[in-house]
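In: with the sequence up front, the predicted model follows.
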Amino acid sequence: MSDNTFGTLLRVTTFGESHGPAIGGVIDGLPPGIEIEPEDFRQDIERRATGRSRHTSQRREADEVEILSGVFEGKTTGTPLALLIRNTDARSKDYGNLAEVFRPAHADYTYWHKYGIRDHRGGGRSSARETTVRVAAGVIAKKWLAARYGIRVRGYLSQLGPHFPQQFNWDVVEDNPFFWPDASMLDVLEGYMDALRKAGDSVGAKVTVVAEGVPVGWGAPLYGKLDAELAAAMMSINAVKGVEIGDGMAVAGQLGTEHRDEISPNGFLSNHSGGILGGISSGQDVICSLALKPTSSLRLPGRSIDKSGAEAEVVTHGRHDPCVGIRATPIAEAMMALVLMDQALRHRAQCGDVQVTTPAVG
Ligand code: EPS
């Protein structure tokens with residue numbers, strides 16, 4: 001496998017499997033002088049972690065982030081920053097039966113055909129465990145974006161199966177295990193998830209991420225579009241099947257007069273475009289949503305085949321998320337922050353000296 005790196009000036013490489021000794025990553029291209037200490041990682045790592053509510057996988061990982069290089073006296077040195085997170089609670093025997101069969105809707109089947117060898121314990125490399133490293137890398141990007149430009153990246157769950165928020169309040173998002181912006185619906189969600197877990201099924205979800213304070217000008221036509229890079233970054237998260245920028249797929253039904261974000265001297269009058277025009281940030285909030293499919297590892301039997309091609313029934317044991325989307329908000333925030341930081345560095349390199357007299361109205 002050679003495609004484990006993303007980014008251009010800020011390059012993130014991750015490695016490791018769910019049931020190997022550790023996962024980790026190398027972040028290269030960080031500007032020197034960013035203050036980083038192990039404590040910085042704790043909050044976002046906790047927000048993403050398993051076992052923090054009954055609605056997620058009950059695997060209990062320590063998720064301690066070790067910095068191996070690239071930081072001296074609490075500051076980045078401009079050299080590769082390597083992170084290591086040891087796996088401390090893998091229960092590989094749960095997966096013995098998966099060595100010979102393929103879970104329907106899982107990457108088992110495609111990994112096997114592609115590589116001819118597969119770590120079937122947990123999801124191996126395809127496990128959501130890998131996203132811990134992205135979240136750790138995202139912490140550094142969030143910190144830099146906030147300090148340098150005042151940018152805030154935050155997200156919420158915008159759909160859980162058949163449920164949509166009826167009200168919106170950022171202040172309640174961090175106070176519930178779903179990252180849900182409507183406190184009046186929490187009982188409904190709890191009941192829905194409890195019934196789903198009891199039934200042994202799983203469900204999809206949608207996450208929306210918003211970056212506030214992004215200056216106008218980041219992103220490059222045509223092959224370095226900010227929206228294209230966001231889409232690729234979000235789509236690289238396990239289980240993501242759809243990505244939308246701004247109004248996304250709904251633009252197909254809009255008239256030009258509805259869709260256009262009219263401009264006044266005091267700012268844009270709407271934000272259907274999701275803060276990106278021509279692949280370049282407009283100065284408005286950058287808004288990206290992602291749809292995550294239902295977890296494919298189910299204890300309910302499903303039809304499949306074994307390695308010889310014979311019919312097989314698959315039942316998955318182990319500790320799984322009934323809705324992997326519930327833990328995806330910090331992951332999507334991290335990917336947004338990493339893409340923005342990479343674009344910021346590239347913008348600075350090529351266009352850092354550009355000045356126009358038109359005020360930025362975003
Ligand atoms: C996952 C399966 C479960 C989750 C895991 C993602 O692990 P296991 O195979 O050990 O039961 O707990 O998520 C994490 C461990 C994590 O840190 O996110 C999967 O198949 O994607």
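Out: It's in.

In: so where's this structure shaky on pLDDT?
Out: Along the chain, the parts satisfying pLDDT under 70 run over 1.

In: remind me, longest helix of it?
Out: In terms of residue count, the longest helix belonging to the chain (DSSP state H) is helix 329-351.

In: tell me the helices and strands packed up against that helix.
Out: With contacts taken as 3 or more CB pairs under 8 Å, 6 or more residues apart in numbering; DSSP states H and E, helix 329-351 sits against helix 42-48, helix 131-149, strand 152-160, strand 205-212, helix 226-235, strand 286-292. Where you see a C-beta, it was placed from the backbone N, CA and C, and this is true even at glycine.

In: what lines up beside the fourth one in the sheet?
Out: Here the strand partners of strand 205-212, with direction, are listed using DSSP bridges: strand 152-160 (antiparallel), strand 286-292 (antiparallel).

In: would you map the strands across the stretch 51-200 of the chain?
Out: For the stretch 51-200 of the chain, strands defined by DSSP state E, counting those that start in this stretch occupy the ranges 65-69, 71-72, 75-76, 81-86, 152-160.

In: and the longest one with helix 329-351, angle?
Out: Note on geometry: by axes from the mean of the first three to the mean of the last three CA atoms, to 10 degrees, strand 152-160 and helix 329-351 are set 140 degrees apart in direction.

In: which parts of strand 152-160 are buried?
Out: The neighbour-count check on strand 152-160 (16 or more other CB atoms under 10 Å) flags 152-160 as buried.

In: got TSV for the residues you listed, with distance to the ligand too?
Out: Output for these, formatted as TSV (distance: CB to the nearest ligand atom, whole Å):
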residue	distance to the ligand
152	25
153	20
154	20
155	17
156	19
157	16
158	21
159	20
160	18
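
In: with distance to residue 356 as extra columns, can I get those residues in JSON lines?
Out: Shown next, in JSON lines, are the buried residues of strand 152-160 (distance: CB to CB, whole Å):
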{"residue": "152", "distance to residue 356": "25"}
{"residue": "153", "distance to residue 356": "26"}
{"residue": "154", "distance to residue 356": "30"}
{"residue": "155", "distance to residue 356": "32"}
{"residue": "156", "distance to residue 356": "34"}
{"residue": "157", "distance to residue 356": "39"}
{"residue": "158", "distance to residue 356": "35"}
{"residue": "159", "distance to residue 356": "39"}
{"residue": "160", "distance to residue 356": "44"}
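
In: can I get the longest helix of the chain in PDB, CA atoms only?
Out: Taking C-alpha atoms only, helix 329-351 is exported to PDB below (Å, rounded to 0.1, in the frame of the first residue of the first chain):
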ATOM      1  CA  THR A 329     -17.800  14.700  14.300                       C
ATOM      2  CA  PRO A 330     -14.200  15.200  15.600                       C
ATOM      3  CA  ILE A 331     -12.800  13.300  12.700                       C
ATOM      4  CA  ALA A 332     -14.500  15.500  10.200                       C
ATOM      5  CA  GLU A 333     -13.400  18.600  12.000                       C
ATOM      6  CA  ALA A 334      -9.800  17.300  11.900                       C
ATOM      7  CA  MET A 335      -9.900  16.700   8.200                       C
ATOM      8  CA  MET A 336     -11.400  20.100   7.600                       C
ATOM      9  CA  ALA A 337      -8.600  21.700   9.700                       C
ATOM     10  CA  LEU A 338      -5.800  19.800   8.000                       C
ATOM     11  CA  VAL A 339      -7.100  20.700   4.500                       C
ATOM     12  CA  LEU A 340      -7.500  24.300   5.500                       C
ATOM     13  CA  MET A 341      -4.000  24.500   7.000                       C
ATOM     14  CA  ASP A 342      -2.500  22.900   3.900                       C
ATOM     15  CA  GLN A 343      -4.300  25.400   1.700                       C
ATOM     16  CA  ALA A 344      -3.300  28.300   3.900                       C
ATOM     17  CA  LEU A 345       0.400  27.300   3.600                       C
ATOM     18  CA  ARG A 346       0.100  27.000  -0.200                       C
ATOM     19  CA  HIS A 347      -1.800  30.300  -0.400                       C
ATOM     20  CA  ARG A 348       1.000  32.000   1.700                       C
ATOM     21  CA  ALA A 349       3.700  30.600  -0.600                       C
ATOM     22  CA  GLN A 350       2.200  31.700  -3.900                       C
ATOM     23  CA  CYS A 351      -0.100  34.600  -3.100                       C
END
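
In: wait, residue 333 touches residue 154, no?
Out: Yes - using CB atoms under 8 Å, residue 333 is in contact with residue 154, at 6.3 Å.

In: what touches both of the two?
Out: By CB atoms under 8 Å, 6 or more residues apart in numbering, residue 333 and residue 154 have these common neighbours: residue 209.
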